[in-house]
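>>> okay, predicted coordinates and the sequence, questions at the end:
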Amino acid sequence: MKDLIIAANWKMNKTIPECISFISDLDIRLSQWELNPKLKKLGILIFPPAISLHPMNGRSKFISLGCQNIYFEESGAYTGEISVKMIREYTEYALIGHSERREIFKETDKEINKKIKTSLDAGLAPLLCIGETLDEREADKTFDRLAEQLRSDLSGFPPIEIEKIIFAYEPVWAIGTGRTATPEQAQEVHAFITEEINKISGRENKRMILYGGSVKPENSKELLTKKDINGALIGGASLNVESFFAIIEKSLELV
Ligand code: PGA
């Protein structure tokens with residue numbers, strides 16, 4: 001397990017040429033640290049649009065790729081969906097349960113649970129996103145909501161499988177809004193999530209939990225120094241190579 005994971009979620013942005021140009025540019029920037037042992041303690045991940053996974057594959061030994069979404073069936077009459085079998089060769093991670101999938105595409109916890117299973121069965125590490133809405137936070141329901149999501153999403157998995165899952169805490173009110181949770185707010189929630197996962201799995205373990213929601217070069221270091229924050233899932237600030245690289249550069253000082 002890496003000490004810190006810095007992940008880019010590009011959502012529905014960038015054409016294939018733009019994706020290739022970004023990864024090539026980032027690879028050149030990262031190669032200056034090729035001999036720096038700290039680089040190995042940093043997991044650098046990009047979740048591009050699925051169509052770019054194949055063209056981006058093999059273009060950087062420093063960067064791993066992940067799929068933004070998968071379907072839980074292997075093949076069949078599921079118009080518009082992508083199965084794990086189709087992308088397995090080009091990706092190591094699968095982003096599951098992002099709040100945009102939950103809200104816009106009405107993905108349920110039951111489907112999310114199936115997607116985690118599919119991803120684990122295929123040997124892809126799931127990156128499971130959970131988070132509360134603004135209404136839930138204001139009604140003091142943050143912890144209840146997170147516990148509920150974790151219990152449903154992780155239902156039926158033995159501890160050994162839960163160990164393979166990476167988590168991302170993404171307060172919905174902080175995504176794309178410029179409003180970040182304070183490092184203290186995030187730490188409090190990350191500690192709670194760790195405890196909940198330990199309860200569900202019945203094992204006391206260190207968990208990889210990333211924070212996501214308006215992370216940028218100006219606030220990343222403060223968030224990543226917190227004890228239970230093991231990385232960042234970055235949307236907007238990851239679309240620009242300078243700002244994504246700046247976050248990586250700052251993270252390198254922390255590993
Ligand atoms: P943001 O997105 O960094 O633009 O807030 C984060 C995410 O949606 O994963």
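Received, thanks.
>>> hang on, isn't residue 229 packed against residue 211?
Yes - using Cβ atoms under 8 Å, residue 229 is in contact with residue 211, at 5.0 Å. In short, each C-beta sits where N, CA and C put it, glycine included.
>>> for the lowest-mean-pLDDT helix or strand in the chain, packing partners?
When the helices and strands of the chain are compared on mean pLDDT, DSSP states H and E, helix 134-138 comes out lowest with a mean of 92. Judged by 3 or more Cβ pairs under 8 Å, 6 or more residues apart in numbering; DSSP states H and E, helix 134-138 is in contact with helix 142-153.
>>> list phi and psi for whichever residue of the stretch 151-255 of the chain sits closest to the ligand.
When scored by Cβ to the nearest ligand atom, the stretch 151-255 of the chain has residue 235 as its residue closest to the ligand, at 2.3 Å. Note on residue 235: its backbone torsions stand at phi -90, psi -100 [degrees, to the nearest 10].
>>> thinking again about what came up before, residue 229 and residue 211: who's more crowded?
residue 211 (31 against 21; other Cβ atoms under 10 Å).
>>> point out the residues in the stretch 51-200 of the chain that sit beside the ligand.
Residues of the stretch 51-200 of the chain lying close to the ligand by Cβ under 6 Å from any ligand atom are 170, 175, 176.
>>> show the contacting residues for the spatially closest residue to the residue of the stretch 151-255 of the chain closest to the ligand that is not a sequence neighbour.
Using Cβ to Cβ, 6 or more residues apart in numbering and skipping residues adjacent in sequence, the residue nearest residue 235 is residue 9, 5.1 Å away. Residues near residue 9 by Cβ atoms under 8 Å, 6 or more residues apart in numbering: 47, 68, 95, 98, 212, 233, 234, 235, 238.
>>> what's near enough to touch the fourth one?
Shown here is residue 98, whose contacts under the criterion Cβ under 8 Å, 6+ apart are 9, 68, 69, 129, 170.
>>> let me know the pLDDT of it.
As predicted, residue 98 sits at a pLDDT of 98.
>>> ditto for the second one
At residue 68, the model reports a pLDDT of 98.
>>> any idea how many residues pack against it?
23.
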